[in-house]
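Peer 1: sequence first, predicted coordinates after that:
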Amino acid sequence: MSGRAYGANSGQGGMSPKGETTPVRLRPATPDPVDKKVICKAVCVCSREPDTGASGQSLKQQCVSRNLRDVDRSMGWKSPYKSEVNYDMTQIPPSPIMRSASPLEPHPYLPGWIQKYWPGGKDAYPARAGAVRRPDVVIVKDGSLPPTQDNIKSVVEIKFPPQERDREQEDDYARIAGSPEKVATMGPGDCDCSDDDANESPLRAVSEALSELGRSLRQLLNRSPASPPSMGGLPLPPPPIVVP
């Protein structure tokens, strides 16, 4: 999607120092099968039935964001799939901009946040490109924690034709994720939408993905009951969502 840049986005942080290392671009990353299924579900649904703009234009990207955001909201903002979180690129590492009253929920209106929290408000806000980035999807390890760099599993940018990859954007996303190996770009060509179940919603896809992940972890833990393998300090995924 847009990954649009705003100005610097935090009154608490200074500008990134000169000489900051630019991430080295490696081979394109690919989400794991569970995450790919969830993202492809949203991509296929929105390719088939996109949102429609006021003038009748097809809004496929906005459709993906809306579906993933609706899933996150239905889970109390604890979904591992975060849609369009703004990141303050002046922080090291870049910091997510969340609602102060609900730190798991992305701030819904950046200009309002700027007016309230930026010293001097909008008039003092430097609207320079690249100071704020907004990835399409941030996949977190633990949905009960904010999408800070230490909790980021991967960052995914969604591109519908004829959009092309943006290398500068991807470098910024690597800064957000902490590594270029955790940044992926996906589109309809990465998904088998011909095999997509038109009656399955993205909410159900997320539910099944989390259930599948939970089963895999339980099977792994049951193999060695006396000494469970280390999960890197990560909790088990949340229970499946009840889908009507």
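Peer 2: Received the coordinates, thanks.
Peer 1: going by C-alpha atoms from here, please, whenever you check contacts or count neighbours.
Peer 2: Will do.
Peer 1: low-confidence ranges in this protein?
Peer 2: Within the chain, the ranges that satisfy pLDDT under 70 run 1-28, 128-129, 195-244.
Peer 1: mind running it again at 80?
Peer 2: 1-30, 114, 117-131, 194-244 (pLDDT under 80).
Peer 1: wait, doesn't L59 sit right on E49?
Peer 2: No: using C-alpha atoms under 8 Å as the test, L59 is too far from E49 to be in contact (9.4 Å).
Peer 1: from I97, how far out is P146?
Peer 2: 10 Å (C-alpha to C-alpha, to the nearest Å).
Peer 1: other SSEs contacting the strand ranked longest in the chain?
Peer 2: The longest strand of the chain (DSSP state E) is strand 152-158. When contacts are defined as 3 or more C-alpha pairs under 8 Å, 6 or more residues apart in numbering; DSSP states H and E, strand 152-158 sits against strand 137-140, helix 167-177, strand 183-186.
Peer 1: deepest in the core, which of those is it.
Peer 2: Ranked by mean neighbour count under mean count of other C-alpha atoms under 10 Å, these are led by strand 137-140, which reaches a mean of 24.
Peer 1: what does that strand rub up against?
Peer 2: 65, 80-85, 147, 151-158 (C-alpha atoms under 8 Å, 6 or more residues apart in numbering).
Peer 1: ok, that strand: who's next to it in the sheet?
Peer 2: Here strand 137-140 is paired, per DSSP bridges, with strand 81-83 (antiparallel), strand 152-158 (antiparallel).
Peer 1: quick check: buried residues in stretch 73-90?
Peer 2: 77-90 (16 or more other C-alpha atoms under 10 Å).
Peer 1: picking that back up, would you format the strands paired with strand 137-140 as TSV with distance to L104 included?
Peer 2: Compiled in TSV, the strands paired with strand 137-140 are given as follows (distance: least, C-alpha to C-alpha, whole Å):
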stretch	distance to L104
strand 81-83	9
strand 152-158	13
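Peer 1: mind listing the residues bridging to Y87?
Peer 2: Counting by DSSP bridges, Y87 forms beta bridges with P96, R133.
Peer 1: surely it is in contact with P96?
Peer 2: Yes: the pair Y87 / P96 is scored as a contact, 4.4 Å apart, by C-alpha under 8 Å.
Peer 1: tell me the phi and psi of the residue nearest to L59 when sequence neighbours are not counted?
Peer 2: Leaving aside its chain neighbours, L59 sits nearest to D51 (4.9 Å; criterion: C-alpha to C-alpha, 6 or more residues apart in numbering). Note on D51: backbone dihedrals following degrees, to the nearest 10 are phi -70, psi 160.
Peer 1: can you check M89 too?
Peer 2: phi -80, psi 0.
Peer 1: repeat for G76
Peer 2: phi 70, psi 30.
Peer 1: repeat that for R48.
Peer 2: Main-chain torsions, R48, degrees, to the nearest 10: phi -80, psi -40.
Peer 1: now the one 5 residues further on
Peer 2: Here the main-chain torsion angles of G53 (degrees, to the nearest 10) amount to phi -80, psi 170.
Peer 1: all good on my end, thank you.
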